[in-house]
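**Q** quick check, what structure comes out for this input:
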Amino acid sequence: MPRTILTLLKPLRARRLGQLLLACALWWPLLGQAVDVDSVRLWRAPDHTRLVFDLSGPAQHTLFTLDNPDRVVIDVSNTRFKADLASLNLSETPIKEIRYAPRDGSNLRVVLDLSTKVNPDSFFLQRQAGAADRLVVDLKDRGPTSAGPPSPVTQPPEEASGSMRDIIIAIDAGHGGEDPGASGPNRLREKDVVFKIAQELARAINNRPGYVAKLVRTGDYYVALRERRNIARKMQADLFISIHADAFTKPSAKGASVFALSRRGATSEMARFLAQRENESDLIGGVGSVSLEDKDEVLAGVLVDLSMTATLGASLQVGDYVLKSMGQVAHLHKHQVEQAGFAVLKSPDVPSILVETGFISNPTEAKNLASSRYRTKLAAQLLKGIEQYFNQFPPAGTYLANKKFGPGGGVTEYIIARGDTLSEIAKRFNVSVSQLEQLNNLNSQTIKVGQTLRIPTS
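**A** Here you go, the predicted model:
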């Protein structure tokens, strides 16, 4: 290399080395700085207890169990315990006592003394959406227990109306536990507001003959988005309704909305914004162990595509009834059902809608949502929309179907194939063309390949 070039490079190398040394000087104290456990929070779910340690920064940890007596031990590196445990309520949990002490100089050992054996799991969550770095410990029950909120799958019990089954409505109160959702004036939290609306709606539904409502989350704890729709499927729900009260960057944003799933993209920028916020909920609430369920769903996508098409059609229809009914007491953000890629709505066989009851960031709507009287009125209108839909399309084998179509009556679905005509379909199922037109809200006998028709059965 020519000497002139070397002469030019020497100052550059010296300058770069100086910058590197300066960076090391700035960061070196931080690398050895201890992490603090600032607070500890606890939630009890039907099948597990979640313990969250709020940290001042990232930390490595290990977890193991000990027997005789049963204990869970968590070792956290380079960490100090500064939290107050006095306010924790351990009465409905398997934890008898929480102890902690320094270990090996700068490390921390936390011991959970247990009253029964559990299956523990732990993971670290980086700071996200205003939440600090967190160490999450889940203590999963090994068997049925009466501690904590009732199981969402079995409570409340289904009550049959005569010999016919009831229509099952799965009500999902958004967020919960570690994830408070959006915030409004006077410390109003989305998770609390929507749970009260869900309870009010469940009470109203359970007072209607032919219906039974079941809560997806029955207390203040977090449920992963995928698990919410799986719970609804285990309930054998005829409808899944997820209730929210989101926020926007501008307090002027207002209006209630109803959303169905979109597989092609959001119908508006607001729909895209809200879907992104809700789908990030798992990052805030914390999902620990990796599951292969999503991969299984992708592999099975071709098989469920036709079912999803029918389900989405029903979701849009029931959403339209609910939106119009809700508009009688609430200002509507838009007057049609919007669509976006909400993860919680991706059930292939349960019609699913997400209801934004208003913007908790809007002072006027926040005041309404904080009012028990308004929540009762809102729940009544949600029920009215649900009833209008199921009065028109009662599932086969239900009390309502029996009342509308007679014993054994109901509605089945048929996906139109190439070469089908409405008159041929009517003849095949022994119904009239006018019945098909009325049941499917058809203005003409024009039908399309892939279209789902609802057909009365007897």
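
**Q** these two touch, right, Asn391 and Ala401?
**A** No. Look at Asn391 against Ala401 with CB atoms under 8 Å: they stay out of range, at 10.5 Å. Placement of C-beta: from N, CA and C, glycine included.

**Q** which one's more surrounded, these two?
**A** Ala401 (25 against 13; other CB atoms under 10 Å).

**Q** so the more buried one sits in a strand?
**A** No. Checked against DSSP: H, G, I helix; E, B strand; the rest coil, Ala401 lies outside a strand; its state is helix.

**Q** ok, now which ones touch His48?
**A** Asp138, Leu139, Lys140, Asp141 (CB atoms under 8 Å, 6 or more residues apart in numbering).

**Q** give me the number of residues near Thr62?
**A** Every residue meeting other CB under 10 Å relative to Thr62 is counted, giving 10.

**Q** how far away is it from Phe342?
**A** Taking CB to CB, to the nearest Å as the criterion, Thr62 is separated from Phe342 by 37 Å.

**Q** before we move on, what about Gly397?
**A** From Gly397 to Phe342 the distance is 29 Å (CB to CB).

**Q** out of the two, which sits in the busier spot?
**A** More crowded of Gly397 and Phe342, by other CB under 10 Å: Phe342, with 24 against 14.

**Q** hey, where'd the helices end up in the stretch 51-200 of the chain?
**A** Secondary structure of the stretch 51-200 of the chain by DSSP state H, counting those that start in this stretch: the helices cover 190-206.

**Q** can you give me the strands in it?
**A** 61-66, 71-76, 79-81, 95-103, 107-114, 118-125, 133-141, 167-173 (DSSP state E, counting those that start in this stretch).

**Q** closest one to Ala380 among the ones you listed?
**A** strand 167-173 (14.3 Å; CB to CB).

**Q** same for the closest one, what does it pack against?
**A** helix 190-206, strand 211-215, helix 225-234, strand 239-244 (3 or more CB pairs under 8 Å, 6 or more residues apart in numbering; DSSP states H and E).

**Q** adding mean neighbour count, mean pLDDT and distance to Met326 as columns, could you present these in a markdown table?
**A** Output for the helices and strands packed on strand 167-173, formatted as a markdown table (neighbours: other CB atoms under 10 Å; pLDDT from 0 to 100; distance: least, CB to CB, whole Å):
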| stretch | mean neighbour count | mean pLDDT | distance to Met326 |
| --- | --- | --- | --- |
| helix 190-206 | 22 | 97 | 11 |
| strand 211-215 | 24 | 97 | 17 |
| helix 225-234 | 20 | 92 | 21 |
| strand 239-244 | 26 | 96 | 11 |
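
**Q** closest to Glu424 out of those?
**A** strand 239-244 (31.4 Å).

**Q** I'd like the next helix or strand past the closest one.
**A** strand 257-261 (DSSP states H and E).

**Q** who is the nearest residue to Phe259 once chain neighbours are set aside paired with across the strands?
**A** Spatial nearest neighbour of Phe259, chain neighbours left out: Leu354 (4.3 Å); criterion: CB to CB, 6 or more residues apart in numbering. Beta bridges link Leu354 to Ser242, Phe259 when assigned by DSSP bridges.

**Q** Glu338 now?
**A** Beta-bridge partners, per DSSP bridges, of Glu338: Phe259.

**Q** any idea how far Leu354 is from it?
**A** Distance from Glu338 to Leu354, by CB to CB: 9 Å.

**Q** these two - which one has more neighbours?
**A** More crowded of Glu338 and Leu354, by other CB under 10 Å: Leu354, with 27 against 23.

**Q** my guess is the more buried one contacts Ser242. True?
**A** Yes. With contact defined as CB under 8 Å, Leu354 reaches Ser242; the gap is 4.5 Å.

**Q** which residues do the two both contact?
**A** In contact with both Leu354 and Ser242: Phe342, Val344, Leu345, using CB under 8 Å, 6+ apart.

**Q** chain neighbours aside, what residue packs nearest to Ala314?
**A** Pro351 (3.9 Å).

**Q** so which of the helices and strands packed on strand 167-173 gets nearest Gly313?
**A** strand 239-244 (13.5 Å).

**Q** now the angle from the closest one to strand 167-173?
**A** Angle of strand 239-244 versus strand 167-173, following axes from the mean of the first three to the mean of the last three CA atoms, to 10 degrees, is 20 degrees.

**Q** same for strand 239-244, what does it pack against?
**A** strand 167-173, helix 190-206, helix 225-234, strand 352-356, helix 372-392.

**Q** pull out the buried positions in the last one.
**A** Neighbour-count burial for helix 372-392 flags 374-375, 377-379, 381-390, 392 (criterion: 16 or more other CB atoms under 10 Å).

**Q** lowest confidence element among the helices and strands of this protein?
**A** When the helices and strands of the chain are scored by mean pLDDT, DSSP states H and E, helix 293-299 comes last with a mean of 47.

**Q** circling back: pick the one among the buried residues of helix 372-392 closest to Thr79.
**A** For the buried residues of helix 372-392, the nearest to Thr79 is Arg375 (42.5 Å; CB to CB).

**Q** any low-confidence regions in the chain?
**A** 1-32, 129, 146-147, 153-163, 264-310, 406-410, 458 (pLDDT under 70).

**Q** domain parsing for it?
**A** Domain assignment for the chain by automatic domain parsing gives 35-141, 167-390, 409-457.

**Q** kindly reformat these as CSV containing distance to Pro152.
**A** As requested, those are arranged in CSV below (distance: least, CB to CB, whole Å):
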stretch, distance to Pro152
domain 35-141, 6
domain 167-390, 5
domain 409-457, 27
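
**Q** to Pro150, which of those lies closest?
**A** domain 167-390 (5.1 Å).

**Q** of the domains of the chain, flag the one that's most buried.
**A** domain 167-390 (a mean of 20; mean count of other CB atoms under 10 Å).
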